[in-house]
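Trainee: Sequence first, then the predicted structure, then my questions.
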Amino acid sequence: MTHLHVPDGVLPVWLWLSGAALAAAIIAVASRIASGPDFRRRLPVLSMTAAFMIVAMSIPVIPAAYHVQLAAVAGIILGPALGMIAAFIVNLLLALVGHGGITTVGLNTLIVGSEVVAGWAFFRLFRAAVAPGVAAGAAAFLAMVIGAVIMIGVVALASPQARTLHLHEMLAVGETEHHAAQPEPGAGPGYENLSTSRFAALVVGLGAVGWLLEALVTGLIVRFAAGVKPDLVGLAAVHEPV
């Protein structure tokens, strides 16, 4: 829900190039961190987690037209380094099938990757105080809020130079047709100026429902995993009620 459904040619070149460069640097560091002695053992887990994320992000939840991302799940299961790599793989593959442009892969990796890292950090913070499912749900909600703030920041940077477009192409809170800007004089039918403030209001207003959905799904997944394979979510040595 908190990633950019933006076709190529909309965002200013300096912005998507900067996003791509920063994402590449972070992935390079993450790859060095992840390439430890247990990398081969964890590679199948990385593959399966990325596959689940792709499926989740490809299927809208009817009738709300949201989709879950499982970014916090990836952070909890994989950790921040492998989780960032999973975020890159997911966004690249989705872009190749038209789920956003190729030029937004870097920016979307940063947005989703921030949720991965935040989900991992918040889960580690909460897990000693509450049950794993509750900790994961709270971590997922807060991670989605952080991702939304970063996404809105990207849109704010892009808005002075962004080409007019259908807002649903930019909006990452589901596949919605809601409008959040005034039509540009002389623009073609259905085209709008990109209004950052109204975009932010729409993201927060509609996104809150999606964040709760993400929290619920994440909490249920981690609750189940904690019961059947606690080491998968880092709970092997933590004795808590599920």
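Mentor: Now that the structure is in, tell me what you want to look at.
Trainee: Which pLDDT value belongs to Ala128?
Mentor: Among the per-residue scores, Ala128 shows a pLDDT of 89.
Trainee: helix, strand or coil for it?
Mentor: coil (DSSP: H, G, I helix; E, B strand; the rest coil).
Trainee: And for the one 10 residues further on?
Mentor: Judged by three-state DSSP, the three-state class of Ala138 is helix.
Trainee: What separation do you get for it and Thr2?
Mentor: 17 Å (C-beta to C-beta, to the nearest Å). In short, each C-beta sits where N, CA and C put it, glycine included.
Trainee: host element of the one residue sitting closest to the centre of the chain?
Mentor: Residue closest to the average C-alpha location in the chain (C-alpha atoms, centre = their mean): Val112, at 3.0 Å. Val112 belongs to helix 105-126 when elements are defined using DSSP states H and E.
Trainee: before we move on, back to that, how many other residues sit next to the nearest residue to the residue nearest to the centre of the chain once chain neighbours are set aside?
Mentor: Counting by C-beta to C-beta, 6 or more residues apart in numbering, Ala87 is the residue found nearest to Val112 once chain neighbours are left out, at 4.3 Å. For Ala87, the count of nearby residues is 32 (other C-beta atoms under 10 Å).
Trainee: Quick check: mean pLDDT of the longest helix along the chain?
Mentor: If you go by DSSP state H, the chain has its longest helix at helix 196-228. Mean pLDDT, helix 196-228: 85.
Trainee: what's the answer for stretch 24-35, then?
Mentor: On average, stretch 24-35 scores 92.
Trainee: Same check on stretch 91-110?
Mentor: Mean pLDDT, computed over stretch 91-110, is 90.
Trainee: how far is it from where the chain is centred?
Mentor: Stretch 91-110 sits 11 Å away from the centroid of its parent chain (C-alpha atoms, centre = their mean, to the nearest Å).
Trainee: Show me what counts as buried in it.
Mentor: For stretch 91-110, burial by neighbour count (16 or more other C-beta atoms under 10 Å) applies to 91, 93-95, 99-101, 103-110.
Trainee: got it, and stretch 134-149?
Mentor: Within stretch 134-149, the residues scored as buried using 16+ other C-beta under 10 Å are 134-148.
Trainee: Which positions within the longest helix of the chain qualify as buried?
Mentor: Of the residues in helix 196-228, 196, 198-200, 202-203, 206-207, 210-211, 213-215, 217-219, 221-223, 225-226 count as buried by neighbour count, 16+ other C-beta under 10 Å.
Trainee: quick one: that helix to helix 105-126, angle?
Mentor: On the basis of axes from the mean of the first three to the mean of the last three C-alpha atoms, to 10 degrees, helix 196-228 is oriented at 50 degrees to helix 105-126.
Trainee: And helix 196-228, how far out from the chain middle?
Mentor: Helix 196-228 has its C-alpha centroid displaced from the chain centroid by 10 Å (C-alpha atoms, centre = their mean).
Trainee: just so I have it, where are all the helices in this protein?
Mentor: Using DSSP H, the helices of the chain run over 13-34, 39-58, 71-96, 105-126, 132-158, 167-170, 196-228.
Trainee: Tell me which of those helices approaches Pro7 most closely.
Mentor: Smallest distance to Pro7 across the helices of the chain (C-beta to C-beta): 5.9 Å, for helix 167-170.
Trainee: With only the CA atoms kept, save stretch 32-48 in PDB.
Mentor: Output of stretch 32-48 as PDB, limited to C-alpha atoms (Å, rounded to 0.1, in the frame of the first residue of the first chain):
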ATOM      1  CA  ARG A  32      28.000  -7.700   2.600                       C
ATOM      2  CA  ILE A  33      26.300  -8.000   5.900                       C
ATOM      3  CA  ALA A  34      24.100 -10.900   4.800                       C
ATOM      4  CA  SER A  35      26.900 -12.900   3.100                       C
ATOM      5  CA  GLY A  36      27.800 -14.600   6.400                       C
ATOM      6  CA  PRO A  37      28.300 -18.300   7.000                       C
ATOM      7  CA  ASP A  38      24.600 -19.000   7.300                       C
ATOM      8  CA  PHE A  39      23.600 -17.200   4.000                       C
ATOM      9  CA  ARG A  40      23.100 -20.500   2.100                       C
ATOM     10  CA  ARG A  41      20.900 -21.800   4.800                       C
ATOM     11  CA  ARG A  42      18.800 -18.700   4.800                       C
ATOM     12  CA  LEU A  43      18.600 -18.300   1.000                       C
ATOM     13  CA  PRO A  44      15.500 -20.500   0.700                       C
ATOM     14  CA  VAL A  45      13.800 -18.400   3.400                       C
ATOM     15  CA  LEU A  46      14.600 -15.200   1.500                       C
ATOM     16  CA  SER A  47      13.200 -16.700  -1.700                       C
ATOM     17  CA  MET A  48      10.000 -17.800  -0.100                       C
END
